Structure formats: structure tokens, C-alpha cells
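>>> Provided below for reference: sequence and predicted model.
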Amino acid sequence: MAENAVGGVVRGGSPEHRRWWWRVRLPDRPDGRPVSGPTTGAARRALVDADSVAALRRLLAEPAAATPTRQLVVRVRRWRPPTAGWSGRLGPVPGLRRHRVRLPRGGGNARLSVDLAEPVPLHDLLTAALAVLAPVRPLPRPASADVAAVGVAPGWLPVDANHSVTGGLTTNPEIRGYDVVLAPDAATLAAPSDLVGVAVTAGGTGARVANRQPLVLIDSAVANPVGRGRWYGPTEPTGVLEFLPGDPVSGWQVRPAESDPAPANSAPVGVDSPAADAMPVARGGLVGAPLSGDQLAAIRRFTHLTCPDVPAVAPAAEATLLAQLAATGAVLRVPQLPPAVADRLAEPLLAVLRTDLPGVGADPLEWEIRSVRQRSAALRGHAAAFAAGDVTGDTFPALAAPPSVSAVLVTRRPEYLPDVVRQLAGQTYPELEIVLCLHGIELTADLRARLGECGRPIQIFTAPAGFSFGEVMGAATARARGSLVTKVDDDDLYGPEHIWDLVLAREYSGAMLVGKAAEFVVLQMLGVTVRRAAVPPEAYGAPVAGGTMLMARGDLEAVGGWRPVPRSVDRGLMDRVLRAGGLIYRTHPLGYLYERRAAGHTWDAGLDYFLRRGGQQWDGVPRHPEFGTSLAGLPEVTAR
């Protein structure tokens, strides 16, 4: 075995044979040095040895990813499936001859090999391979742009079959060659105007078009709250974020605060907090680079982070790091944020970062709400799936909006409709329609007129009383115009951010179905709300509350849609998703109140079921803007 001139490893045989072998080692802790590719400019076989999927993703943003490759062998040493037994599917690649996958059921050493008829850029082959190793499911859209990166893809570009790397721009006489072209400098973008829709100068930390403010972008498949625990509060583990001196900045680190108190038992019942003295320290060799698996694991052990000083010597990179950390859900406190860094952060995120932290005696729920607001603002303002449209919006304004959502509501109880339609109309998500199916009932002309004036597009139709609940859900879904469909129950309460919560979770989790747990339960007969800590939030695995399920309409129909059953339609759909190899993901429970009323339900487990493993309780309904209850004219309530 011998070392080649650029740091790869070549193996035995003649010099002519050895030059086609290239091996790259990707540790989970990046040092900021670029990965070198073969000096020949092509590799018939590439062997990629990565510590984790996060490390493998980094290769997509390296110049070596442009290397044409016909055979690829990938090994991930510390592979972990989202749920035991899960396996993905190889994405589309041209000229596929054979591929082989070895995925250990509970995690471990994963191996994948792919053999093609003709070489393709390593970036495109890795994009297909990543779909085997991690959930990759881009948001559905009726129209989207093909994105081509010249030479190297920026670190924030999401994994998508329509995102590619090219060595140079080529002309296609049948159609415009490129919708969006990303390049490291303006000189690379010199091309006929009919060849490129919009040219973007893109680096590892963001993107810009001519005469536009640079925009910080992050990859939400890496920086996200997946695995974020339920423990929050000022007595929980605190970290200190420090920028290390260098030229201009050599790196960063997160260490436990020296005055960190012992964790208090302030978490909900059944949830333990990690000991502060057992915490790892996160370090980064390059400010602004995508976070590694080890860094994410360390950061998620901290409830909140304090950054006493932001040097502003590399403002874009520093802003990118802050946006990534904010997206993980670790509550950030940045007392002094220099204007050069603040100008690169989205206003909603800045507003959260500038808000005082809850006090020492505050309810842990207030810390949790702060975390959720912060991560939502970071993802909406900086995740490429949502924010990149701001860069190309002048050229493609129709593509800048998030995917449309249809809220499907089936009811036999017209008296419940004014409240639930008001809650849907008050959602902050911009692209939302309401599909209201009346199951064997009719509305008065006055009520129908009132609902029609809710301020949202609304379809109202009637299904025969003889239809089963599943058939009615299918009839309502058939009328939905949204790319995403969510089920809404008429007797639950929804906060104004609820739809946004689900769409964000669908994007960063890559799951086929997302929802929330029925964690906050209103027991109307007892006049109390109880918080049940039965299942962890921000985690893969069934089940979720039926009144919160969200799926792409295409995925819903691909698994067979709704079963024609009179009850348990939610369970029936989740079972179909799992049988199809799809993932179910639970995001945080805030903004959803599951209500049990005396009128009865299709599924009735009794009150004792909801009181078991119960934690915090409120008299009446918890009054808070997060739940949409502070403006409902409810009396003040206090937590027990």
C-alpha cells in the first residue's frame, strides 16, 4: 500500500492500475482541511471510510466530490438507524449495474457498494448512497429548480436528486441548461443568459446574488433538534461557547460552565437529566462548517449555552455557527452580538436571542418554549429548504413560498366548528387551506357563511352518513390541493405555530409521517390539564396523535391512503407507513392540546389512562400564546 501525492491511499498493482484507486478517511471531528481528490481527475473506484453519516455528508461539500466515479464503496463505522431495523433505499443513479448493502440492525459498521456502467460525479453518487443510510425526503413541491454547483457544492446545500455538481457549464439546445447555478466566484458564472436562470455566488456559509445582502444558510438535515431531550431550566447543564483565537478564527469550543450547579429534579416524571460532570466538550476546527456527529451529540447534552464574546472577525462564519446551534434547540444567550454578525441573522431569530432568559424560578415550560421558538426561527430563517428562496426570489418568485398544506377536518358536530376553524385561520403558516367535510350533517346558512369568512381558502362539502370514517377521510383528502396534508380533529386545541411545527419537522427529520404526541391532555370532566411524559419528543417512532399527522399527499396515496374502517383510522395509516418502510417522527408537543370531553370519543380508554404517569397539572387550560389560549377569553390559570 502506498500514499499518493494528494493524501489518498492507493493499493497494489501496476502504476496504471493504482491511479484509479482513491481512498479517503472522514473522521467525525473535522479539522477544516479540504479533502484532496485524485490527481488524475477521475477515479474508477472510490473507497470512503467515514465515522458517521454526518462525516460522510461533509464530503459533498469538498472539491473532491466533483471527481467522476464509476464504483463506490462506503463504510460508516458508527452508523445508527433512526429506529431499529430501518433501512433506506438507494436513490436514483444513471447506469446502475449492481449495488450491495450491509446494515446492522441495531447500528455499527455499515457498508454500501455501488457499481455503474459509466462514471458520474462522486457528489451525485453519494447523494444516492446517503438515502440508504439516513432519512432523505425533500419537501414536496409542485415546482422547483434544478440546482447545479460548479466545482464544489456549498455545505448548506440539501441532499436532493435535483442538486448536482458539474465541472463546467454546458449548453442544451432543447431546454435552459440550469435553473440555479452556484459558484464560488462571479468569474465562474460567465455564461450566456439563456443558459442560466439565476447565478448565485455561494460559499460554505451562505449565498448571494448581485447587489443583495449575503444570506447565511444551513443544512437542517445536520443542524436540527432531533434527539433534543425534555429537560429544561436554569439548573440544568449549561455550556459556554468560546471562539478560539486564530487567523482570522481558528475554531470554537463548548465547555461546561464552571459554576454549573448539580442538575435539579425539575424535569417531568420519568425523565432524567445528565450529570454535568460527565459531559463531553464540543470542539470545532473551522467556524461556520457543518456540525459533526460528535459535536451534535455533545451540544445536545446542554440545555442552554452562553456566548460571552463574539469577535466578529469572520462575521458570516460566526453567524452560521450561531444559526446552527440555535437550530439544535440549545437555548442561546449572546449578551453582546456585534452588528456585523447580527446583520447576517434573520430578524425573528435575533428577536429571540435578544429576549431575556426565563428567571431562576421560572416554570421549566418557559425554557422549553424559548427553545422551540428559537429553533423554529433559526430553521425558518436559515435552513436552505426555506431560506434559499429569498436568494432566487427575484427570478423565481413563485418558488420562494413554503409548500402548501391542506388541513383536513371531518366532523359530525357543527357546534365545534367555529372554534376549530378560528384556530386554523389563526395559523402563522402562509400557505394553508381548510378542507371541511360534513359527515352526514348539514350547516345552517348562517354558520356556513361565517365559516366562509374565516380568511383562509376553505372547501366545505358533505359526505353520506353511511360512509365509514376512513372513507370520509379519503373523500376529503381527494379534494385537498396542498402538497402536504394534515389531519385536524374538531375537539382539540391548536396553537398558532402548529402547522409550521409540523412542516419544519417533516423537512429536518426526513420522515414520511410527522406529528405530535398527546402530551398535554385537557380532561374537561375534571377541569384540569395534565402533562403526560409517556414518550420522548423529537424522536423517531410511532405513535403520534391522529389529530396532528402530516404527510405529503403523494406519500399518503402511495401507501394506499386511508383504510375504509369505522374507527382507528389513524392507527391504520401509521401501520401502512411502517409497512412501506417509512418513518414516523414526533416533534415537540407544544401548541397542541388533546381534549377529552364528556360527549365521548371513537377511542375511549378512560380517564385513568391519561392520569397515569402524569406530571405537571393546570386548573382549566394552560393560558399561553404558544397554545393559542391567551386570546381565547379564558380565565387566568395557575399550574399546580
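Arrived safely, thanks for sending. Residues are numbered from 1 along each chain as shown.
>>> mind listing what the residue lying closest to Arg208 once chain neighbours are set aside touches?
Closest residue in space to Arg208, ignoring its immediate chain neighbours: Pro214 at 4.4 Å, by C-beta to C-beta, 6 or more residues apart in numbering. Where C-beta positions appear, they are placed from N, C-alpha and C, glycine not excepted. Taking C-beta atoms under 8 Å, 6 or more residues apart in numbering as the criterion, Pro214 is in contact with 206-208, 316, 344.
>>> Can I get the buried ones among the residues you listed as something I can paste into ChimeraX?
Selection of buried members from those for ChimeraX, criterion 16 or more other C-beta atoms under 10 Å:
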select :206,207,316,344
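>>> Now the two most distant members of the contacts of Pro214.
Ala207 and Arg344 (11.8 Å; C-beta to C-beta).
>>> Against Arg44, how distant is the residue nearest to Arg45 when sequence neighbours are not counted?
The shortest distance from Arg45 to any non-neighbouring residue, by C-beta to C-beta, 6+ apart, is to Gln71 (4.2 Å). Look at Gln71 and Arg44: by C-beta to C-beta, to the nearest Å, they are 6 Å apart.
>>> And the two? Which one has more around it.
Using other C-beta atoms under 10 Å as the criterion, Gln71 and Arg44 rank with Gln71 on top: 19 against 16.
>>> Tell me the bridge partners for the more buried one.
Arg45, Asp115 (DSSP bridges).
>>> Give me the mean pLDDT for stretch 76-85.
Per-region confidence: stretch 76-85 scores 92 on mean pLDDT.
>>> Tell me the buried residues in it?
For stretch 76-85, a neighbour-count test (16+ other C-beta under 10 Å) marks 76-82 as buried.
>>> Kindly report the same for stretch 615-630.
Buried residues in stretch 615-630 (16+ other C-beta under 10 Å): 616, 618, 620-624, 626-629.
>>> of all the residues you listed, which two lie farthest apart?
Farthest pair in the buried residues of stretch 615-630 (C-beta to C-beta) is Gln616 and Gly628. Separation: 18.9 Å.
>>> picking that back up, any common contacting residues for Ala207 and Arg344?
Residues touching both Ala207 and Arg344 (C-beta under 8 Å, 6+ apart): 214-215.
>>> Of the buried residues of stretch 76-85, which belong to helices?
Using DSSP state H, the subset of the buried residues of stretch 76-85 located in helices is empty.
>>> Can you say which two of these are spatially most distant?
Largest separation among those by C-beta to C-beta: Arg77 and Pro82, giving 17.8 Å.
>>> Strands along the stretch 1-150 of the chain, start to end?
Using DSSP state E, counting those that start in this stretch, the strands of the stretch 1-150 of the chain run over residues 2-3, 9-10, 21-26, 43-50, 68-79, 96-102, 108-121, 147-150.
>>> Need the mean per-residue confidence for the second one.
Looking back up the chat, that one is strand 9-10. Here strand 9-10 scores 36 as its mean pLDDT.
>>> So which helix or strand of the protein has the lowest pLDDT on average?
In the chain, no helix or strand scores lower on mean pLDDT, DSSP states H and E than strand 2-3, which sits at a mean of 34.
>>> Glu507 is in contact with Asp160, isn't it?
No. Using C-beta atoms under 8 Å, Glu507 makes no contact with Asp160, being 11.6 Å away.
>>> Looking at the two, which one has more neighbours?
Comparing Glu507 with Asp160 by neighbour count (other C-beta under 10 Å), the higher total belongs to Glu507, at 24 against 17.
>>> how near is that one to Arg301?
Distance of Glu507 to Arg301, given as C-beta to C-beta: 25 Å.
>>> In terms of helix, strand or coil, where does the residue most central in space within the chain fall?
By C-alpha atoms, centre = their mean, the chain has its centre lying nearest to Tyr508, at 1.4 Å. The assignment at Tyr508 comes out as helix when based on DSSP: H, G, I helix; E, B strand; the rest coil.
>>> okay, it: pLDDT?
So Tyr508 comes in at 97 (pLDDT).
>>> Likewise for Pro335?
The model reports Pro335 with a pLDDT of 87.
>>> show me where pLDDT drops low in the stretch 151-300 of the chain?
Per-residue confidence for the stretch 151-300 of the chain (pLDDT under 70) gives these ranges: 186-194, 210-212, 231, 233-235, 247-249, 259-280.
>>> what's the spacing between the residue lying closest to Leu125 once chain neighbours are set aside and Arg100?
Spatial nearest neighbour of Leu125, chain neighbours left out: Leu72 (5.1 Å); criterion: C-beta to C-beta, 6+ apart. Here Leu72 is placed at a distance of 11 Å from Arg100 (C-beta to C-beta).
>>> Could you tell me which residues touch both of these two?
Counting by C-beta under 8 Å, 6+ apart, the residues touching both Leu72 and Arg100 are 112-113.
>>> These two: which has the busier surroundings?
For Leu72 versus Arg100, neighbours defined as other C-beta under 10 Å are more numerous around Leu72 (23 against 10).
>>> List the contacts of the more buried one.
Contact partners of Leu72, counting by C-beta under 8 Å, 6+ apart, are 45-46, 48, 112-114, 122, 125-126, 129.
>>> Now the element after the top helix by length along the chain, going C-ward?
The helix spanning the most residues in the chain, taking DSSP H as the definition, is helix 364-382. Per DSSP states H and E, the first helix or strand lying C-terminal to helix 364-382 is helix 384-392.
>>> ranges for the helices of the stretch 501-640 of the chain?
Assigned by DSSP state H, counting those that start in this stretch, the helices in the stretch 501-640 of the chain fall at 553-558, 569-579, 607-611.
>>> Let me see the domain layout of this structure.
According to automatic domain parsing, the chain comprises the domains 1-137, 139-215, 238-382, 402-627.
>>> CSV please, covering the ones you listed and showing distance to Val226.
Formatted as CSV, those follow (distance: least, C-beta to C-beta, whole Å):
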stretch, distance to Val226
domain 1-137, 8
domain 139-215, 15
domain 238-382, 9
domain 402-627, 6
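>>> Of these, which is nearest Asn224?
For Asn224, the closest of the domains of the chain is domain 402-627, at 3.9 Å, according to C-beta to C-beta.
>>> pretty sure Ala323 is in a helix, no?
Yes. Checked against three-state DSSP, Ala323 lies within a helix.
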